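1. just coords:
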(Lines give C-alpha, C1' and ligand atoms only; values in the text may rest on other atoms or scores of the structure.)
Protein backbone atom coordinates (compact mmCIF):
# COMPACT_ATOMS: atom_id res chain seq x y z
CA UNK A 1 0.00 0.00 0.00
CA UNK A 2 2.81 2.41 0.93
CA UNK A 3 4.61 1.64 -2.33
CA UNK A 4 1.45 2.35 -4.34
CA UNK A 5 0.96 5.64 -2.49
CA UNK A 6 4.57 6.64 -3.21
CA UNK A 7 4.15 5.90 -6.91
CA UNK A 8 0.90 7.88 -6.99
CA UNK A 9 2.49 10.92 -5.34
CA UNK A 10 5.59 10.68 -7.52
CA UNK A 11 3.65 10.44 -10.77
CA UNK A 12 0.80 12.90 -10.21
CA UNK A 13 1.72 15.23 -7.35
CA UNK A 14 5.47 15.54 -6.80
CA UNK A 15 6.09 17.93 -9.71
CA UNK A 16 3.24 20.27 -8.87
CA UNK A 17 3.73 23.66 -7.17
CA UNK A 18 1.46 22.68 -4.29
CA UNK A 19 3.68 19.69 -3.45
CA UNK A 20 6.84 21.78 -3.20
CA UNK A 21 5.07 24.58 -1.37
CA UNK A 22 3.82 22.21 1.35
CA UNK A 23 6.27 19.32 1.09
CA UNK A 24 7.33 19.79 4.72
CA UNK A 25 3.94 18.48 5.90
CA UNK A 26 4.70 15.14 4.27
CA UNK A 27 8.44 15.22 5.05
CA UNK A 28 8.99 17.36 8.17
CA UNK A 29 12.79 17.11 7.97
CA UNK A 30 13.11 17.79 4.26
CA UNK A 31 14.44 21.34 4.42
CA UNK A 32 16.82 20.45 7.23
CA UNK A 33 18.20 17.64 5.10
CA UNK A 34 18.69 20.01 2.16
CA UNK A 35 20.58 22.44 4.38
CA UNK A 36 22.77 19.67 5.76
CA UNK A 37 23.66 18.73 2.18
CA UNK A 38 25.52 22.03 1.77
CA UNK A 39 28.77 20.15 2.48
CA UNK A 40 28.23 17.83 -0.49
CA UNK A 41 31.38 18.08 -2.61
CA UNK A 42 29.41 18.33 -5.84
CA UNK A 43 28.27 21.82 -4.78
CA UNK A 44 31.86 23.07 -4.93
CA UNK A 45 31.43 23.21 -8.69
CA UNK A 46 29.55 26.50 -8.32
CA UNK A 47 32.49 27.97 -6.40
CA UNK A 48 34.80 26.85 -9.19
CA UNK A 49 32.65 28.70 -11.74
CA UNK A 50 32.68 31.87 -9.64
CA UNK A 51 36.49 31.74 -9.52
CA UNK A 52 36.98 30.71 -13.15
CA UNK A 53 34.86 33.52 -14.59
CA UNK A 54 35.51 36.08 -11.81
CA UNK A 55 31.84 36.34 -10.83
CA UNK A 56 30.45 38.13 -7.77
CA UNK A 57 26.65 37.90 -7.91
CA UNK A 58 24.38 34.85 -7.94
CA UNK A 59 20.72 34.23 -8.65
CA UNK A 60 19.31 30.82 -7.78
CA UNK A 61 15.91 29.62 -8.94
CA UNK A 62 14.73 26.88 -6.57
CA UNK A 63 17.19 27.60 -3.78
CA UNK A 64 15.34 25.37 -1.23
CA UNK A 65 16.76 25.92 2.28
CA UNK A 66 20.03 27.27 0.91
CA UNK A 67 22.50 24.38 0.44
CA UNK A 68 24.17 26.01 -2.57
CA UNK A 69 24.11 29.40 -0.86
CA UNK A 70 25.77 28.00 2.27
CA UNK A 71 28.43 26.31 0.18
CA UNK A 72 29.11 29.46 -1.82
CA UNK A 73 29.19 31.88 1.10
CA UNK A 74 31.64 29.66 2.98
CA UNK A 75 33.96 30.13 0.00
CA UNK A 76 33.18 33.72 -1.00
CA UNK A 77 32.07 35.87 1.94
CA UNK A 78 31.20 39.04 0.03
CA UNK A 79 28.92 37.41 -2.53
CA UNK A 80 25.71 39.02 -3.76
CA UNK A 81 23.04 36.32 -3.61
CA UNK A 82 19.37 36.42 -4.58
CA UNK A 83 17.51 33.17 -3.96
CA UNK A 84 13.97 32.20 -4.91
CA UNK A 85 11.98 29.16 -3.85
CA UNK A 86 8.26 28.48 -3.97
CA UNK A 87 8.29 27.16 -0.39
CA UNK A 88 8.00 29.80 2.35
CA UNK A 89 9.06 27.14 4.85
CA UNK A 90 12.26 26.50 2.92
CA UNK A 91 13.04 30.22 2.72
CA UNK A 92 12.49 30.65 6.46
CA UNK A 93 14.93 27.79 7.07
CA UNK A 94 17.86 29.58 5.40
CA UNK A 95 20.58 30.78 7.75
CA UNK A 96 21.75 34.26 6.74
CA UNK A 97 22.05 37.84 7.95
CA UNK A 98 18.81 39.43 6.75
CA UNK A 99 20.26 42.88 7.45
CA UNK A 100 22.85 42.36 4.74
CA UNK A 101 21.46 44.02 1.61
CA UNK A 102 23.63 41.76 -0.56
CA UNK A 103 21.55 38.75 0.50
CA UNK A 104 17.88 38.28 -0.31
CA UNK A 105 15.62 35.21 -0.30
CA UNK A 106 12.00 35.16 -1.30
CA UNK A 107 9.10 32.83 -2.09
CA UNK A 108 7.70 35.38 -4.56
CA UNK A 109 9.49 36.71 -7.60
CA UNK A 110 8.76 39.38 -10.20
CA UNK A 111 10.64 42.00 -12.20
CA UNK A 112 10.03 44.75 -9.65
CA UNK A 113 11.57 42.73 -6.83
CA UNK A 114 14.62 41.77 -8.89
CA UNK A 115 15.21 45.27 -10.25
CA UNK A 116 14.92 46.73 -6.76
CA UNK A 117 17.53 44.27 -5.48
CA UNK A 118 19.89 45.01 -8.37
CA UNK A 119 19.50 48.76 -7.94
CA UNK A 120 20.15 48.67 -4.19
CA UNK A 121 23.36 46.75 -4.83
CA UNK A 122 24.45 48.76 -7.90
CA UNK A 123 24.26 45.70 -10.15
CA UNK A 124 23.16 45.54 -13.77
CA UNK A 125 22.45 41.80 -13.78
CA UNK A 126 23.39 38.54 -12.06
CA UNK A 127 26.81 37.18 -12.97
CA UNK A 128 25.79 33.55 -12.39
CA UNK A 129 22.34 31.97 -12.32
CA UNK A 130 21.85 28.49 -10.89
CA UNK A 131 19.11 26.04 -11.85
CA UNK A 132 19.91 22.97 -9.77
CA UNK A 133 17.49 20.12 -10.56
CA UNK A 134 14.49 22.39 -10.87
CA UNK A 135 13.66 22.74 -14.58
CA UNK A 136 12.62 19.09 -14.92
CA UNK A 137 9.57 19.98 -12.83
CA UNK A 138 8.50 22.71 -15.26
CA UNK A 139 7.07 22.40 -18.73
CA UNK A 140 9.03 23.80 -21.66
CA UNK A 141 6.34 26.45 -21.97
CA UNK A 142 6.83 27.51 -18.33
CA UNK A 143 10.60 27.69 -18.80
CA UNK A 144 10.17 29.91 -21.84
CA UNK A 145 7.79 32.19 -19.94
CA UNK A 146 10.41 32.50 -17.20
CA UNK A 147 13.15 33.30 -19.72
CA UNK A 148 10.96 35.80 -21.54
CA UNK A 149 10.52 37.69 -18.27
CA UNK A 150 13.92 37.26 -16.64
CA UNK A 151 16.63 36.31 -19.17
CA UNK A 152 17.63 39.98 -19.42
CA UNK A 153 18.97 39.74 -15.85
CA UNK A 154 21.08 36.63 -16.47
CA UNK A 155 24.68 36.45 -17.67
CA UNK A 156 26.30 33.06 -17.08
CA UNK A 157 23.81 30.24 -16.48
CA UNK A 158 24.46 26.78 -15.07
CA UNK A 159 21.82 24.06 -15.32
CA UNK A 160 22.12 20.69 -13.57
CA UNK A 161 19.17 18.75 -14.96
CA UNK A 162 18.03 16.23 -17.55
CA UNK A 163 19.01 17.16 -21.09
CA UNK A 164 18.54 15.43 -24.40
CA UNK A 165 18.88 16.74 -27.95
CA UNK A 166 15.86 14.54 -28.65
CA UNK A 167 13.52 15.14 -25.65
CA UNK A 168 11.99 11.99 -24.19
CA UNK A 169 10.61 10.37 -21.04
CA UNK A 170 12.58 8.10 -18.75
CA UNK A 171 11.44 4.50 -18.22
CA UNK A 172 8.96 5.50 -15.49
CA UNK A 173 7.58 8.45 -17.45
CA UNK A 174 8.44 10.67 -14.49
CA UNK A 175 11.33 12.71 -15.89
CA UNK A 176 11.05 14.29 -19.31
CA UNK A 177 14.44 15.38 -20.62
CA UNK A 178 14.43 18.68 -22.49
CA UNK A 179 16.69 20.25 -25.09
CA UNK A 180 18.08 23.14 -23.03
CA UNK A 181 20.55 24.08 -25.76
CA UNK A 182 17.68 24.80 -28.14
CA UNK A 183 15.57 26.55 -25.49
CA UNK A 184 18.34 28.88 -24.28
CA UNK A 185 19.59 29.61 -27.78
CA UNK A 186 16.14 31.05 -28.50
CA UNK A 187 16.75 33.60 -25.74
CA UNK A 188 20.23 34.63 -26.81
CA UNK A 189 22.44 32.23 -24.85
CA UNK A 190 25.47 30.35 -26.15
CA UNK A 191 26.45 26.92 -24.79
CA UNK A 192 29.96 26.98 -23.31
CA UNK A 193 30.17 23.48 -21.87
CA UNK A 194 28.17 20.32 -21.27
CA UNK A 195 29.23 17.42 -19.07
CA UNK A 196 27.88 14.60 -16.94
CA UNK A 197 26.00 15.49 -13.74
CA UNK A 198 27.27 14.13 -10.44
CA UNK A 199 23.74 13.83 -9.05
CA UNK A 200 22.47 10.27 -9.30
CA UNK A 201 19.15 9.45 -10.93
CA UNK A 202 17.72 5.95 -10.75
CA UNK A 203 15.72 6.28 -13.96
CA UNK A 204 17.31 9.00 -16.10
CA UNK A 205 21.04 8.97 -15.39
CA UNK A 206 22.00 9.01 -19.07
CA UNK A 207 20.19 12.35 -19.44
CA UNK A 208 21.66 13.91 -16.29
CA UNK A 209 23.86 16.78 -17.49
CA UNK A 210 25.46 20.03 -16.40
CA UNK A 211 25.20 22.78 -19.00
CA UNK A 212 26.88 26.18 -18.85
CA UNK A 213 25.57 29.05 -20.96
CA UNK A 214 26.70 32.60 -21.58
CA UNK A 215 24.44 35.43 -22.69
CA UNK A 216 25.50 36.71 -26.10
CA UNK A 217 26.42 40.39 -26.27
CA UNK A 218 24.23 41.97 -28.96
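-> Perfect, thanks for sending it. All values derive from a computational prediction rather than experimental measurement.
2. Which stretches in this protein count as strands?
-> Ranges of strands in the chain, per DSSP state E, are 57-61, 80-84, 103-106, 126-132, 154-162, 189-196, 208-215.
3. ok, and what's touching the shortest one?
-> The one in question is strand 103-106. 63, 66, 69, 80-85, 91, 94, 96-97, 113, 117 (CB atoms under 8 Å, 6 or more residues apart in numbering). (Each C-beta comes from the backbone N, C-alpha and C, glycine too.)
4. just for the protein, where's the confidence low?
-> Applying pLDDT under 70 to the chain picks out residues 1-12, 217-218.
5. the helices in it, which residues?
-> For the chain, the helices defined by DSSP state H cover 2-12, 17-21, 23-26, 30-36, 44-52, 67-75, 88-92, 111-120, 140-150, 180-185.
6. tell me what the last one is packed against?
-> What it means is helix 180-185. If contacts are counted by 3 or more CB pairs under 8 Å, 6 or more residues apart in numbering; DSSP states H and E, helix 180-185 sits against helix 140-150, strand 154-162, strand 189-196, strand 208-215.
7. what are the bridge partners for the residue nearest in space to the middle of the chain, then?
-> Centroid check for the chain by CA atoms, centre = their mean gives residue 131 as the closest residue, at 2.5 Å. Here residue 131 sits in beta bridges with residue 159, going by DSSP bridges.
8. Distance-wise, check it relative to residue 101.
-> Distance of residue 131 to residue 101, computed by CB to CB, to the nearest Å: 24 Å.
9. Likewise for residue 164?
-> With CB to CB as the criterion, residue 164 and residue 101 are 41 Å apart.
10. With neighbour numbers in mind, choose between those two.
-> Taking other CB atoms under 10 Å, residue 164 and residue 101 do not tie; residue 164 has more neighbours (16 against 11).
11. need the contact list for that one.
-> By CB under 8 Å, 6+ apart, residue 164 lies in contact with 177, 178, 179, 207.
12. next one: residue 50
-> Residue 50 neighbours (CB under 8 Å, 6+ apart): 56, 58, 72, 75, 76, 79, 127, 128.
13. contact partners of stretch 185-193?
-> The contact list for stretch 185-193 (CB under 8 Å, 6+ apart) reads 144, 147-148, 151, 154, 157, 181, 184, 210-216, 218.
14. now with 10 Å?
-> 49, 53, 143-144, 146-148, 150-152, 154-158, 179-181, 183-184, 210-218 (CB atoms under 10 Å, 6 or more residues apart in numbering).
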